[in-house]
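> Pasting the sequence and the predicted model now:
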Amino acid sequence: EVQLVESGGGLVQPGGSLRLSCAASGFTFSSYYMNWVRQAPGKGLQWISTISSGGSMRSYADSVKGRFTISRDNSKKTVYLQMNSLNPEDTAVYFCKGSKGGRDDWGKGTQVTVSS
């Protein structure tokens, strides 16, 4: 059974940092592209970042470029999202998503709230 479990969310002040983790099981993690997607209150899903299966290629949405960094550790079957310089517009539920051959598998998400 494919499982993706996000962690690391919470309440942080503007300008602060958080590191999200997504632990994978039940599939060949190292062969999947991994993504972070978020959903702000009352809004639709927004793609944030993607990392290739080996980690050599990374891409980011313009809204987070220069502030967020995606990484992965295939030995630990975990993908990370380092988030710096957070602002209230980053408040959202953050989901990790595994992608391979047209198939997507989703985690249940972790809440990030940026507020003073």
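Structure's in. What do you need? Numbering: from 1, shown residues only.
> And the strands in this structure, which stretches?
Here the chain has its strands, by DSSP state E, at 3-7, 10-12, 18-25, 33-39, 45-51, 58-60, 68-73, 78-83, 92-100, 103-106, 110-114.
> Reformat those as JSON lines; add mean neighbour count.
For the C-beta atoms, the positions are set from N, CA and C on the backbone; glycine is no exception. Converted to JSON lines, the strands of the chain look like this (neighbours: other C-beta atoms under 10 Å):
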{"stretch": "strand 3-7", "mean neighbour count": "17"}
{"stretch": "strand 10-12", "mean neighbour count": "14"}
{"stretch": "strand 18-25", "mean neighbour count": "19"}
{"stretch": "strand 33-39", "mean neighbour count": "22"}
{"stretch": "strand 45-51", "mean neighbour count": "18"}
{"stretch": "strand 58-60", "mean neighbour count": "15"}
{"stretch": "strand 68-73", "mean neighbour count": "18"}
{"stretch": "strand 78-83", "mean neighbour count": "22"}
{"stretch": "strand 92-100", "mean neighbour count": "21"}
{"stretch": "strand 103-106", "mean neighbour count": "13"}
{"stretch": "strand 110-114", "mean neighbour count": "18"}
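> tell me the contacts of the residue most central in space within the chain?
With distances taken as C-alpha atoms, centre = their mean, the residue of the chain nearest its centroid is residue 36 (3.1 Å). Neighbour list for residue 36: 20, 22, 48-50, 68, 70, 79, 81, 94-97 [criterion: C-beta atoms under 8 Å, 6 or more residues apart in numbering].
> switch to 7 Å and redo it
Taking C-beta atoms under 7 Å, 6 or more residues apart in numbering, we find residue 36 in contact with 48, 49, 70, 81, 94, 96.
> if I read this right, the fifth one contacts residue 19, doesn't it?
This means residue 94. No. Applying C-beta atoms under 7 Å as the test, residue 94 and residue 19 come out as separate, 11.2 Å apart.
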